[in-house]
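Trainee: Based on what follows, work out the 3D shape:
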Amino acid sequence: MLSWALTFFIIAIIAGVLGLSGIAGTMSSIAYILFVIGLILAIVFAITGRKPKL
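Mentor: As a prediction, this is how the structure comes out:
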């Protein structure tokens, strides 16, 4: 999840530099949502002691 969040964040930065504000806003929102989901899953797995499948 965190790698996907980083990917969307980089796309948002590139779109922002190119002046595509609509795409940049959408990509940054997606990156934020994926980051929060990844963080929540990491906390849940740390509490339960389970390791995610690779």
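Trainee: going forward, measure contacts between C-alpha atoms and count neighbours the same way
Mentor: Will do.
Trainee: which SS class is residue 19?
Mentor: Here residue 19 is recorded as coil under DSSP: H, G, I helix; E, B strand; the rest coil.
Trainee: Poorly predicted segments of this structure, please.
Mentor: Across the chain, the ranges flagged by pLDDT under 70 are 1, 51-54.
Trainee: For it, which segments count as helices?
Mentor: 2-17, 21-48 (DSSP state H).
Trainee: Check which residues of the first one are buried.
Mentor: Pointing back at helix 2-17 there. For helix 2-17, burial by neighbour count (16 or more other CA atoms under 10 Å) applies to 2, 5-6, 8-13, 15-16.
Trainee: Tabulate those in TSV, adding columns for distance to residue 50.
Mentor: Output for the buried residues of helix 2-17, formatted as TSV (distance: CA to CA, whole Å):
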residue	distance to residue 50
2	18
5	22
6	24
8	27
9	28
10	30
11	32
12	33
13	34
15	37
16	38
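Trainee: of those, closest to residue 49?
Mentor: residue 2 (19.3 Å; CA to CA).
Trainee: residues contacting the closest one?
Mentor: Neighbouring residues of residue 2 by CA atoms under 8 Å, 6 or more residues apart in numbering: 34-35, 38-39.
Trainee: filter those to the buried ones?
Mentor: Neighbour counting with 16+ other CA under 10 Å marks 34-35, 38 as buried within the contacts of residue 2.
Trainee: I'd like those as TSV, with distance to residue 24 appended.
Mentor: As requested, the buried ones among the contacts of residue 2 are arranged in TSV below (distance: CA to CA, whole Å):
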residue	distance to residue 24
34	15
35	16
38	21
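Trainee: Specify which member of those residues is nearest to residue 45.
Mentor: residue 38 (10.5 Å).
Trainee: how far away is that closest one from residue 14?
Mentor: Note on residue 38: its distance to residue 14, by CA to CA, to the nearest Å, is 23 Å.
Trainee: before we move on, what about residue 43?
Mentor: Distance, residue 43 to residue 14, using CA to CA: 30 Å.
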